[in-house]
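> Sequence first, predicted model second:
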Amino acid sequence: MKIMRKALLWLFTAVLAAGMCYSGVAKFLDPEGWGRRFEIFGVSSSLLIVAACGEIIAVILLLMPKTASYGAGMIAVIMSVAVWAHLTSGVGDPSTAMVYLAVAVVLGIARIPSAWSPVRQRNLQ
């Protein structure tokens, strides 16, 4: 059962990392197009590079077991903003961002370091 859990965690981690990496790199490769989208969403296009770097950094953190929960948390924040932007602007479909958000939240919870676990804390006292 433990092997299956680890395999599923890594599968979802790889899928989320691939999607977020693609999104971050796409922002670097097409800055004009993404800049226009950001302006349509009501966000300054100057935040484009910040968003792209945040996505890439989050992916790097997500792929390292000790920092995976931090990377998942960053992705959850980024995707929350993306869902908000889609819903408030009426442009685009927020479903992909919602799926990424849900996966990031589940991975973040599943990958919380065991030292932070309430069960472990009770055992230490």
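That came through, no problem.

> Pull the contacting residues for the nearest residue to Arg111 once chain neighbours are set aside.
Nearest non-adjacent residue to Arg111, counting by Cβ to Cβ, 6 or more residues apart in numbering: Ala68, 4.1 Å away. The way it works is simple: take the backbone N, C-alpha and C, and place the C-beta from them, glycine included. Ala68 makes contact with Thr13, Leu61, Leu62, Leu107, Gly108, Arg111, according to Cβ atoms under 8 Å, 6 or more residues apart in numbering.

> Let's see the ChimeraX selection covering just the buried ones among the residues you listed.
Restricted to buried positions by 16 or more other Cβ atoms under 10 Å, the ChimeraX selection for the contacts of Ala68 reads:
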select :13,61,62,107,108,111
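
> thought Gly24 was touching Ile56?
Yes. The pair Gly24 and Ile56 passes the contact test of Cβ atoms under 8 Å, sitting 4.3 Å apart.

> Okay, helices next: where are they in the protein?
Secondary structure of the chain (DSSP state H): helices at 2-29, 31-40, 48-63, 68-89, 95-110, 118-124.

> Quick check: which ranges of this protein have low pLDDT?
Within the chain, the stretches with pLDDT under 70 are 113-125.

> Skip the chain neighbours and tell me the closest residue to the residue nearest in space to the middle of it.
Centroid check for the chain by Cα atoms, centre = their mean gives Ile75 as the closest residue, at 2.0 Å. Sequence neighbours aside, Ala104 is the residue nearest to Ile75 in space, at 4.0 Å (criterion: Cβ to Cβ, 6+ apart).

> State the distance from the one you found to Val91.
22 Å (Cβ to Cβ, to the nearest Å).

> Compare neighbour counts for those two and give me the winner.
Set side by side, Ala104 and Val91 show more neighbours around Ala104, with 26 against 13, by other Cβ atoms under 10 Å.

> which residues touch the residue nearest to Phe38 when sequence neighbours are not counted?
In space, and not counting its chain neighbours, Phe38 is closest to Ser45: 4.8 Å by Cβ to Cβ, 6+ apart. Residues in contact with Ser45 (Cβ under 8 Å, 6+ apart) are Trp34, Gly35, Arg36, Phe38, Glu39.
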